[in-house]
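*Asks:* Quick one, fold the following:
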Amino acid sequence: MLNKIWQFFKRLFQRLFGTPTPPTPPANTAIRPTLTDAEYESKFMEILEGVNAGWSRGDVAGFLIAKRLKDGELAAWLRRFGQRLLEGEHDDTAAADAVASLQELAQRLVLLGRIGSGELSEVARQIGREILTRFPLPEVEEEDAKGRVIEAVFVGDGLGFSGEVNRTGTEAAE
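*Replies:* Residues are numbered from 1 along each chain as shown. Prediction:
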């Protein structure tokens, strides 16, 4: 009991005579370190995989919150990434599979752009469309591309042929 009275008078004298109380430590306001380009790329590819699997605007927003990513920071990184893609050495002699990979990436970017979840979606749509226009898939010409055309007529319960097989795709002479 005497100890409580002593503590009361001690605090009273400290307040009255201005004896400083020890400062309270500041709240934990740690600054989040900026991610590396590889980390941003990894997170962004996760978003593109999710969008390709059918994520909605809410799913993308939830992912950004869960990973503590800001839409603007990721959009700024995507601008730099897109610039490197567009300025890369992709000439006419580029391998068809490299162009196909770019086309797939561009289609996923446009898909993210359609979701419309802020600045990130807008940047993704712009870059995706630019890639699609700059790097079209090369047309593959197959020999005899039209193939063989067979004209058929259903007769009763079966199938009968009308005329002969032709190679031009026009009607066969009967």
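*Asks:* Helices along the protein, start to end?
*Replies:* 2-17, 37-52, 57-66, 71-87, 96-115, 119-134 (DSSP state H).
*Asks:* Rounded mean pLDDT for the shortest one, please.
*Replies:* Averaging pLDDT along helix 57-66 gives 93.
*Asks:* let's number from 399 now, not from 1
*Replies:* OK, 399 is where the count begins now, so the last one is helix 455-464.
*Asks:* contact partners of it?
*Replies:* 444-445, 448-449, 453, 467-469, 472, 510, 513-515, 518-519 (Cβ atoms under 8 Å, 6 or more residues apart in numbering). For the C-beta atoms, the positions are set from N, CA and C on the backbone; glycine is no exception.
*Asks:* sorry, back to before: now the helices of the chain as a markdown table including mean neighbour count?
*Replies:* Formatted as a markdown table, the helices of the chain follow (neighbours: other Cβ atoms under 10 Å):
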| stretch | mean neighbour count |
| --- | --- |
| helix 400-415 | 9 |
| helix 435-450 | 15 |
| helix 455-464 | 14 |
| helix 469-485 | 16 |
| helix 494-513 | 17 |
| helix 517-532 | 18 |
